[in-house]
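Visitor: make a model of this:
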Amino acid sequence: MRSADFMGRTALRRAMAVGLLGLMSACGQRQPAPPPDRPVPSELPRPGGRAEAARPNKPASCATQAHAVRSLDALRLHVARCVVEANPEQAYLSQPPAVLLAVPVFKLELHSDGRVKRIDLLREPGQAKDTVQLARKAIERAAPFGDLRRVPGPLVFTETYLFDDARRFKPRSLN
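Guide: Residues are numbered from 1 along each chain as shown. Okay, here's the model as predicted:
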């Protein structure tokens, strides 16, 4: 009985040693950098006014991604992504803070060619009322959203913008 107990302890010690060695070797390896919490601009302006070449992993523009939009929910997500992509300095993609600065809610109506037809304010925030204009301008900068003729029905939906204390926003659809 004693030899079996001794064999069990030896196997356990050996397994622990192998695990410890694996852990130590993993600590010495570099881990990949975490993804940024905000999108990176696809083209950076140069001092001469010309833009640098696009990054190789640059996402396709909103106009070319619109062909995959075939429902109202997909449209809402598509527009939210386009607005963030068009306004990288003013948007964030990380978890929203527990206490938000402002939460304006809009009803967006689009033309079938992706242009904005109307932006109606459904809920005005009680404070930081300037966030309403910030969100409107961000939506207008992102338009047009591409050919949306494949989406059935009227192109009308609501979107909520979650503003943090730095007046950066995140469309709730991306939460």
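
Visitor: can you pull the contacts of residue 170?
Guide: For residue 170, the contacting residues are 84, 91, 92, 93, 96, 161, 162, 164, by Cβ atoms under 8 Å, 6 or more residues apart in numbering. Just so you know, the C-beta spots here come from the backbone N, C-alpha and C atoms, and that holds for glycine as well.

Visitor: can you list the residue ranges for strands in this structure?
Guide: Using DSSP state E, the strands assigned to the chain run over residues 105-110, 116-123, 156-163, 169-171.

Visitor: most neighbours out of the contacts of residue 170, which is it?
Guide: With neighbours taken as other Cβ atoms under 10 Å, the top of the contacts of residue 170 is residue 161, carrying 26 neighbours.

Visitor: distance check, that residue against residue 150.
Guide: 26 Å (Cβ to Cβ, to the nearest Å).

Visitor: just to revisit the earlier point, need the contacts of residue 170 in CSV (columns: distance to residue 121 and pLDDT).
Guide: Shown next, in CSV, are the contacts of residue 170 (distance: Cβ to Cβ, whole Å; pLDDT from 0 to 100):
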residue, distance to residue 121, pLDDT
84, 20, 97
91, 19, 97
92, 22, 97
93, 24, 96
96, 20, 96
161, 11, 98
162, 16, 98
164, 20, 97
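
Visitor: got those as TSV, with distance to residue 145 columns?
Guide: Output for the contacts of residue 170, formatted as TSV (distance: Cβ to Cβ, whole Å):
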residue	distance to residue 145
84	13
91	16
92	21
93	19
96	24
161	16
162	20
164	25
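
Visitor: quick check, nearest of those to residue 144?
Guide: residue 84 (16.1 Å; Cβ to Cβ).

Visitor: what bridges to the residue lying closest to that closest one once chain neighbours are set aside?
Guide: Distance criterion Cβ to Cβ, 6 or more residues apart in numbering; nearest residue to residue 84, sequence neighbours excluded, is residue 91 at 4.3 Å. Beta-bridge pairing of residue 91 under DSSP bridges involves residue 169.
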